[in-house]
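*Asks:* Okay, predicted coordinates and the sequence, questions at the end:
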Amino acid sequence: MALFHILLIALAVFSPSIQGRSIEESSEDSLHNVEKRTTTASGFNYADALHKSILFYEAQRSGVLPATNRIPWRGDSAVDDGSDVGIDLSGGWYGAGDHVKFNFPVSFAVTTLGWGLMEYWDAYEAAGELGNMLDSIRWPCEYLIKCHPSANKYYYGVGDIEIDHSQWIRPEDMDDYNMIRPSWSCTGQCSDVTGEAAAALAVCAINFNKTSSYRDQTFATQCLDKARSLYDMTIFSPGKYTPISNQYGNGTVQYPSSRYDDEMAWAGLWLFLATGTEEYHDKSGDDLANFNGAYYYFNVSNNMFMSSDYALRAKAKTFSWDDKRPGVQLLLWKCRYFMNNTVYENKAQKKINSMMTDWIDTFARLDTGLTISSNLGLDWGSNGHAGRMAWVAMMANKYDLSDASEKAERYAWAKQQIDAILGNGSHSYMVGFGNNPPQRPHHRGSSCPTTGTCGGPIFNSLDPNANELTGAVVGGPDVNGTYVDLLKDYKKNEVTVYYNAGVQNMLAALLHHEPPYVGEGC
C-alpha cells in the first residue's frame, strides 16, 4: 500500500519512443498470406458485414466531413462545437441516434474497435478494409486529442440532452434551429472518462505504429503523448465524473459511471502494451487489488488508497462502457509473460471462466441461439451485450485462457451470437445486410429526408427510413425475444457505436478463423 502510494507520488512519464516496437507489436503473430475474402463456409459473407459496419461509423461522424466521405446523405455538422469555451471541439462521433457527443461510451467503442484491429489485422487486410478501418478510428482519436488541450483539462462531451432530445432533426440542421451545445469539461476527479480516453488513444498509437503502408508514426506519437497526459490526470486526481445532462447541469443524465478504478487499470494496461513501460502495468495491478475480491480507491481526504468491498468477488455481468473488468482481466492474462505474477493470472482466469459459464450455460437463449442478458436488469441492447461477450470468449481462446474443451465450446457459442445477429433466424439485426434487415433504426439522420421537414411526422411514421444506415446493428430483442422494427422504439431499434464494436471485432475474428482461412482455424 505504502509502496504504491510512493509510486504515485514519484510517477514520471518515461517509456521507449513510439519509433521503436511496443510490447504488443513485438509479440504479435506473424501474418499469413491472405487474399480478398467473400463468403465463409457458414454461409455468411463476413467480409461484406465488416465493410458495412465500418460504413456505419462513417455515418456517425460529426464536424467537417472529408472529401472521401462515402455516406451521400451526410454533410458537415456541429462545426462550431467548443465555441462556447473558445476552442475547437468539432469532429468525433455521435454516439447513437441523437447528436450529443458522449465521450465516455464513444471512447470505449474506439478502444474496443482498436483492440479488434490489433488482434485481427490480417482479417482487415484480407477483406480490403485495413485503410478504411484505420481512417475510421482516426476520426474519433483526432477529436479526443482536441478534447485534452492542457495537462489538467479534459472536455468529455458536447451537447444538451434535453434540448437535443426535444428535436427530431438531421445533425446538419442543428444550426438552423439555433440548438445550444454546451461543452462539458473537468479538471480532475473524472478518472472514468479520462482513463477511457487514455485507453482509446493508446490503442490508436499501437495500430498507427504497426508496420504497414498506412503507418503514421507522427500521429501515433500524438496519440501516445495525450494518452500519457490523460493517464496522469486519471491517477493524480481520482474520482467519478459529472455525467452530461442539460446546460444547467441539473436535468436527466446519461452514461453515469458506477466506478472509476476499472478505467484506471484499463488505461494503465493499454499504455503498458503501447509502450512496454512496466510503470503503467504496476499501477493497473494495484488498482484491481490483485483480483482478490477487493478494489482500492483513492481517498481524497487522506490522500491514500483504502480497501473497498466492492468486489471482484462479485464478478462482472458483462463487458460494457461502464464495466471494463472483463477487458482488464483478459489483458492481465495477455500480459502474464511480462508480469511474473501468478496471482494475477489465476484470479483473472477464474473470473473470466465464471462469467463465460453464466453466458453460455445459464443465461437464456432464443431459438436463433442469441443469448439474452436478462440477468443484467436491462431490457434493451441485447445484441450489443451478446457481441461484446462473444468477443470476450474469443479473446479468452486467443490468449489461451481457455482449455481445449472450453475453446471449442466458446468458439461455437461466440460464432452463434454473431450468426444470430446477422440473420440466421427470420431476419437480420444489421441494417442493409442479410435477410429482412431493419429498415427503421432509431436514428435522426437516417430517418429524416435530406430536404424538407422532419420532426414528429417522421418520428411517428411507419415508413422505412429515408436513408439507409448501412451496417448499423440495432439493439435487438427484449428478454422475451420480442422485436419490432419501429423507429420510435429506442430500446429495440436504437443504434450505438458500442453495439457495433463487439460485433465488428467478431466479424474480423470469424474472417480469420472460418474457412477459407485468413489465419489458422479454430
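*Replies:* All right, it came through fine.

*Asks:* pLDDT weak spots in the stretch 201-350 of the chain?
*Replies:* Scanning the stretch 201-350 of the chain for pLDDT under 70 picks out 277-314, 337-345.

*Asks:* try it again with 90
*Replies:* Low-confidence segments of the stretch 201-350 of the chain, defined by pLDDT under 90: 211, 232, 235-236, 246-252, 259-316, 325, 328-350.

*Asks:* In it, what residue spans correspond to strands?
*Replies:* Taking DSSP state E, counting those that start in this stretch, the strands of the stretch 201-350 of the chain run over residues 295-299, 304-308.

*Asks:* and what of the chain?
*Replies:* 101-102, 154-158, 183-186, 295-299, 304-308 (DSSP state E).

*Asks:* How far off centre is the first one?
*Replies:* Yep, that's strand 101-102 we're talking about. The chain centre lies 13 Å from the centre of strand 101-102; the measure is CA atoms, centre = their mean, to the nearest Å.

*Asks:* again with stretch 362-382
*Replies:* Relative to its parent chain, stretch 362-382 has a centroid offset of 20 Å by CA atoms, centre = their mean.

*Asks:* Stretch 125-143 now?
*Replies:* 14 Å.

*Asks:* What are the buried residues along that stretch?
*Replies:* Within stretch 125-143, the residues scored as buried using 16 or more other CB atoms under 10 Å are 125-127, 129-130, 132-143. Every C-beta, even on glycine, is put in place using the N, C-alpha and C of the backbone.

*Asks:* List every C-alpha atom in that stretch, with coordinates, as PDB.
*Replies:* Taking Å, rounded to 0.1, in the frame of the first residue of the first chain, the C-alpha atoms of stretch 125-143 are listed here in PDB:
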ATOM      1  CA  GLU A 125      -6.200  -6.600 -44.700                       C
ATOM      2  CA  ALA A 126      -7.700  -9.700 -46.400                       C
ATOM      3  CA  ALA A 127     -11.100  -8.000 -46.600                       C
ATOM      4  CA  GLY A 128      -9.500  -4.900 -48.300                       C
ATOM      5  CA  GLU A 129     -10.700  -2.800 -45.300                       C
ATOM      6  CA  LEU A 130      -7.400  -2.000 -43.500                       C
ATOM      7  CA  GLY A 131      -7.200   1.600 -44.800                       C
ATOM      8  CA  ASN A 132     -10.900   2.200 -44.100                       C
ATOM      9  CA  MET A 133     -10.600   0.800 -40.600                       C
ATOM     10  CA  LEU A 134      -7.600   3.000 -39.700                       C
ATOM     11  CA  ASP A 135      -9.400   6.000 -41.100                       C
ATOM     12  CA  SER A 136     -12.400   5.000 -39.100                       C
ATOM     13  CA  ILE A 137     -10.700   5.000 -35.700                       C
ATOM     14  CA  ARG A 138      -8.500   8.000 -36.600                       C
ATOM     15  CA  TRP A 139     -11.600  10.300 -36.800                       C
ATOM     16  CA  PRO A 140     -12.600  10.000 -33.100                       C
ATOM     17  CA  CYS A 141      -9.000   9.900 -31.900                       C
ATOM     18  CA  GLU A 142      -8.200  13.200 -33.600                       C
ATOM     19  CA  TYR A 143     -11.300  14.600 -31.700                       C
END
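
*Asks:* mean confidence score for it?
*Replies:* Regarding stretch 125-143, the rounded mean pLDDT is 98.

*Asks:* do stretch 463-480 as well
*Replies:* Stretch 463-480 comes out with an average pLDDT of 96.

*Asks:* Alpha carbons only: can I get that stretch in CSV?
*Replies:* C-alpha atoms of stretch 463-480 as CSV (Å, rounded to 0.1, in the frame of the first residue of the first chain):
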residue,chain,number,x,y,z
ASP,A,463,-42.5,4.0,-43.4
PRO,A,464,-38.9,2.9,-43.8
ASN,A,465,-36.3,5.5,-43.0
ALA,A,466,-35.4,7.9,-45.8
ASN,A,467,-31.7,7.0,-45.7
GLU,A,468,-30.3,3.5,-45.1
LEU,A,469,-28.0,3.4,-42.1
THR,A,470,-25.9,0.7,-43.7
GLY,A,471,-24.1,-1.6,-41.2
ALA,A,472,-25.7,-0.4,-38.0
VAL,A,473,-26.6,-3.1,-35.5
VAL,A,474,-29.9,-2.3,-33.7
GLY,A,475,-30.5,-3.0,-30.0
GLY,A,476,-32.3,-6.3,-30.7
PRO,A,477,-35.0,-8.4,-29.0
ASP,A,478,-36.1,-8.0,-25.4
VAL,A,479,-35.8,-10.6,-22.7
ASN,A,480,-38.9,-12.3,-24.1
